[in-house]
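Undergrad: structure for the following, please:
(2 chains)
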Number of protein chains: 2
Amino acid sequence: MFERELIMIPGPTNLDPRVLRAMCRQPQSHTSPEFASIFKEALDNLKKVFMTKSEVFAVAGSGTLALEMAIANVIEPGDKVLNCVSGYFGNYFVEISRVFGAVPRVLEVEWGKCIRPEKVKEVLMEDNYKAVTVTHVETSTGVANPIKEIGEVVKKHSDAFYIVDTVSSLGGMEVRVDDWGIDICASGSQKCIGAPPGLALVAVSQRILEYLERRRSSIGTWYGSFKNWLPIMRDPTKYYATPAVNMIYALNESLKLILEEGLENRFKRHYVLAEAFRAAIDALGLKLLAEKGAASNTVSAIYYPENIDDNQFRTEMKKHGIIVAAMLGPLKGKGFRVGHMGNISKSDLFSLLTAIELSLKKLGHEIKLGTGVSTAQEKIHTLLR
Amino acid sequence: MFERELIMIPGPTNLDPRVLRAMCRQPQSHTSPEFASIFKEALDNLKKVFMTKSEVFAVAGSGTLALEMAIANVIEPGDKVLNCVSGYFGNYFVEISRVFGAVPRVLEVEWGKCIRPEKVKEVLMEDNYKAVTVTHVETSTGVANPIKEIGEVVKKHSDAFYIVDTVSSLGGMEVRVDDWGIDICASGSQKCIGAPPGLALVAVSQRILEYLERRRSSIGTWYGSFKNWLPIMRDPTKYYATPAVNMIYALNESLKLILEEGLENRFKRHYVLAEAFRAAIDALGLKLLAEKGAASNTVSAIYYPENIDDNQFRTEMKKHGIIVAAMLGPLKGKGFRVGHMGNISKSDLFSLLTAIELSLKKLGHEIKLGTGVSTAQEKIHTLLR
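TA: So this is what the prediction gives:
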C-alpha cells in the first residue's frame, strides 16, 4: 500500500515532515527539565493559537475528551445547560451533559443550517442556564456557527459559562478565546493544528478556575480535572499522570509551524482555498450541505448528484490517491465530506478537484472536465490578486 | 542535548527503533479498512498480552485514564469498594472511587510492604463490596502485589468485581486476566509494553459487559464508557471518537516485538535482570524499599546511603547518560527509583550499574568499584546457565 495517499478528510490531516521527525525520537523523562521546557514552549504557543492569556491544557486523549473535560468540570447535578446543536457533534455536548447530571435544553437547527444568535438570546431569556455549549465548525455538516456573535449574546443576556467546541476550526479559522468571552474552548490536535490525533487541547478562563474553587459538588472526573492538571500545565516538572511525551513533541513542532506561517496568513489560506473549493463545487453543479453564508473554511459537506453511489465514488477517489469522508448519521450515503484544513496547499486542492471531476465522470455523471479546476483557479487568481 | 541518554525510569521506557519508525508515518483515515486492519491486529495481539479471550480497549489517554475507566464503568453512587493501597498509585483508585460516588474501604499497608491475601479475605468477610481494586506493581515502591492469590480470595469470598492496575507490569511480569479472574485490567502503553505514553489499555471481562446492561445509573463517563467504545474495538471502521492513529501504529509494532520475543521469554528476561540488579544493590550495601519476596521485576526503589543528596546523585547519573527517577510522595529525596522494564537489555543494566557505582563514589560514598557489576554478572551467569 502506498503511503503517498492524500487524506482530505476532516481529520486526521496530513502531517508536515517536520512534525513526523519531531515525534520520532526516544521519549525523555516526562518530568525532566529538558522535556518540561519543550512542553512549556508548546503550551505557550498553544496560548497564542487560542488567543488567550489564561490557562491551556494539553492532555492525552481525543477531542471528545476535551468536550468531556469542559462539561465535567463545569456541570453539577441538576444544572441547566443550553446545548446549541447543528449536527452530529453538537449532540455530543448533549450526551455528555446528561452523563454529568445536567438538565439539557437543546436548541437544535436542521443539519446544514447554523445557530442564530437571536434565537440563542430568545432561549436565554426564558431561563437561567449554568452553561451554553456551541460547536464552532460542525464537522458533520461543514457549517461554521457564529461563535463570536453568540458569545456576545451569552455575555449580555446571562451569567452562563460559554463553552465552545473548536475541534475542527482552531488554527484554521479565527478563534479569539479572550476577546470573544469563551470560558472553555475545547479542541484536538489532529485537524487544523496539523499534529496526529491523541491530544485534547483546552483553554480555560480565570472565571472557570475561580468557579472550581467554589463549586459545591466534587468535579465529575479525576483524569480530566482542570484542578488536577493545572499545576502540571504551569510547571511540567511536576507529576500527575504521564503526558503523551512523543505527542507533545509533535504538537510543539506543529504549533511552531502555525506561528511561523502566522495566524492571519493561515486563516486567509484556509479562506482562499475554501472559497475556491466552493466555487468549483458550484460550477460542477453540486450542492453544499451548508446553507449560504454559513459554510466553514475547514470542512465541506457536498451532496452527491443523482445516481452517484457513495462507496463507488469514494473508491474512485481512492484510486486517484485521494481519501474523502462519508457523511455522518442520517445523511450517510447522501454525500461526501472534505477536510480542506491544516497543512493543505493549493496543489492538494487541485489534486482533490481533478479527482472529484474524474470520479464523477467515470461514474456516469455528465460533466465537462476542468470546469471545477478552472473555476477554482479563477477564484484563487482573484482573491490573491 | 544528546538523544542517546538511557531512560531507566519507571516509564516512559526506551522505544525500539521499529516502534519509532512505525509511528513516524502519515496518518491514515481512522475509519479506513487499511487502518482498521492495523488497529484490529493490535487489539488481537493485545488480547494475547493480557491473556484474555474477552474484550480489550486501546483509547487515547494515559494509564490514569485506564484506572478512571475501570471505576467509572463499574461504580454507582453509594457502592462500597475495597481499595487495597500499598503506595502512591494504589491511592489513585481511592481518589477516583470517591469521584464516582463510591464509599471506599481502604486497606492500606506501609510503603514497601505488599497486600496480604489473608488480610483481603478478612476485610471481605466484614461487608459486601461492589469491587476490589489492587495495584499489581506499585510504581512508587517497586512492590509487586500477589494479584493471582488476591484474585482467588476475591472470587472465593465475594461477588465483587476484581479490578487490577497493571500499568507497570503488563508485558514484563505474568498477568493472566482470564485465568486469574480479573474483571478489569487497566494498563498503559509506555512501560513494559515499550510504546510511547498516550494510550490507556484495558481488558474487560464478559461479566462486566453483562453488568453494564443492567446497571441502574448511567455510566459516569462518556469518553471512557466501555459501551461507547466497544463497537469500535470490535470493528474499527466504525466511528465514535478519533483513535490516536500514530500511537496505534506504535502500539501495534511494540506488541509484535513482544510476541516475537515470546511472553514467557520476556517475563524471564525481566526476572533475570531484576534479580541481577537486586543482587548488585545488595552487594553495594544499599537497601531496597520493597520488603523481601515482594520486589517487582520491573521497578526498583532504592534508599540512598547516608549523606547522599537526591539531586546530586541524579545529576551525576545524568552525566553518565543514565536517567533514573526520584521517589514519590513522603519518600521524595530518600532514595531513587529505577525502571528495568520494556526493551531493557543486559548491556543497559550494566550501564546503569556502572553509573550507580561511579556516582556514589564521586559523592563520597565508600564503595569498591565493580562490586555491583560483578555480582550482577555472577547472578546472570547462574540464572542463565
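Undergrad: buried residues, the helix or strand hosting A:Gly372. List them.
TA: A:Gly372 is part of helix A:371-383 when elements are defined by DSSP states H and E. Neighbour-count burial for helix A:371-383, counted by 16 or more other CB atoms under 10 Å in any protein chain shown, picks out A:372-373, A:375-377, A:379-380. The C-beta positions use only the backbone N, C-alpha and C, and glycine is treated the same way.
Undergrad: could you do stretch A:303-323 as well?
TA: Buried, per 16+ other CB under 10 Å, within stretch A:303-323: A:303-305, A:308, A:313-314, A:316-318, A:320, A:322-323.
Undergrad: make a markdown table from the residues you listed and add secondary structure and pLDDT to it.
TA: Shown next, in a markdown table, are the buried residues of stretch A:303-323 (DSSP: H, G, I helix; E, B strand; the rest coil; pLDDT from 0 to 100):
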| residue | secondary structure | pLDDT |
| --- | --- | --- |
| A:Tyr303 | strand | 98 |
| A:Tyr304 | coil | 98 |
| A:Pro305 | coil | 97 |
| A:Ile308 | coil | 98 |
| A:Phe313 | helix | 98 |
| A:Arg314 | helix | 98 |
| A:Glu316 | helix | 98 |
| A:Met317 | helix | 98 |
| A:Lys318 | helix | 97 |
| A:His320 | coil | 97 |
| A:Ile322 | strand | 97 |
| A:Ile323 | strand | 97 |
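Undergrad: close to chain B: what parts of the stretch 51-200 of chain A are there?
TA: Counting by CB under 8 Å from any CB of the partner chain, the stretch 51-200 of chain A comes close to chain B at A:59-65, A:67-68, A:92, A:95-96, A:98-99, A:188, A:190, A:196-199.
Undergrad: which of those residues fall in strands?
TA: Judged by DSSP state E, the subset of these located in strands is A:59-60, A:188, A:199.
Undergrad: now the helix ranked longest in chain A against helix A:371-383, angle please.
TA: Longest helix in chain A by number of residues (criterion: DSSP state H): helix A:263-283. Helix A:263-283 and helix A:371-383 are oriented at 140 degrees to each other (axes from the mean of the first three to the mean of the last three CA atoms, to 10 degrees).
Undergrad: what's helix A:263-283 packed up against?
TA: Other helices and strands packing on helix A:263-283, by 3 or more CB pairs under 8 Å, 6 or more residues apart in numbering or on different chains; DSSP states H and E, are strand A:287-288, strand A:299-303, helix A:346-362, helix A:371-383.
Undergrad: run the chain-centre distance for it.
TA: Distance, stretch centre to chain centre, for helix A:263-283: 16 Å (CA atoms, centre = their mean, to the nearest Å).
Undergrad: could you export that helix as PDB, CA atoms only?
TA: Provided in PDB are the C-alpha atoms of helix A:263-283 (Å, rounded to 0.1, in the frame of the first residue of the first chain):
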ATOM      1  CA  LEU A 263      -2.300  33.000  12.300                       C
ATOM      2  CA  GLU A 264      -3.700  35.700  10.000                       C
ATOM      3  CA  ASN A 265      -2.000  34.200   7.000                       C
ATOM      4  CA  ARG A 266      -3.200  30.800   8.000                       C
ATOM      5  CA  PHE A 267      -6.800  31.900   8.300                       C
ATOM      6  CA  LYS A 268      -6.500  33.600   4.900                       C
ATOM      7  CA  ARG A 269      -5.100  30.500   3.300                       C
ATOM      8  CA  HIS A 270      -8.000  28.400   4.700                       C
ATOM      9  CA  TYR A 271     -10.400  31.100   3.500                       C
ATOM     10  CA  VAL A 272      -9.000  31.300   0.000                       C
ATOM     11  CA  LEU A 273      -8.800  27.500  -0.500                       C
ATOM     12  CA  ALA A 274     -12.400  27.100   0.900                       C
ATOM     13  CA  GLU A 275     -13.700  29.800  -1.400                       C
ATOM     14  CA  ALA A 276     -12.000  28.300  -4.400                       C
ATOM     15  CA  PHE A 277     -13.300  24.800  -3.500                       C
ATOM     16  CA  ARG A 278     -16.900  26.100  -3.000                       C
ATOM     17  CA  ALA A 279     -16.800  28.000  -6.300                       C
ATOM     18  CA  ALA A 280     -15.600  24.800  -8.000                       C
ATOM     19  CA  ILE A 281     -18.300  22.700  -6.400                       C
ATOM     20  CA  ASP A 282     -20.900  25.200  -7.500                       C
ATOM     21  CA  ALA A 283     -19.500  25.300 -11.100                       C
END
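Undergrad: averaged pLDDT, it. What do you get?
TA: Across helix A:263-283, the average pLDDT comes to 98.
Undergrad: for stretch A:354-372, same thing?
TA: Confidence for stretch A:354-372, expressed as mean pLDDT, is 97.
Undergrad: from the ones in strands among the residues of the stretch 51-200 of chain A next to chain B, which two are the most distant?
TA: A:Ala60 and A:Gly188 (11.6 Å; CB to CB).
Undergrad: what's the angle between the helix holding A:Gly372 and helix A:346-362?
TA: Using the same axes, to 10 degrees, helix A:371-383 lies at 150 degrees relative to helix A:346-362.
Undergrad: helices or strands next to helix A:371-383 in the packing?
TA: On a contact count with 3+ CB pairs under 8 Å, 6+ apart, helix A:371-383 meets helix A:263-283, helix A:346-362.
Undergrad: thanks again, I'm all set now.
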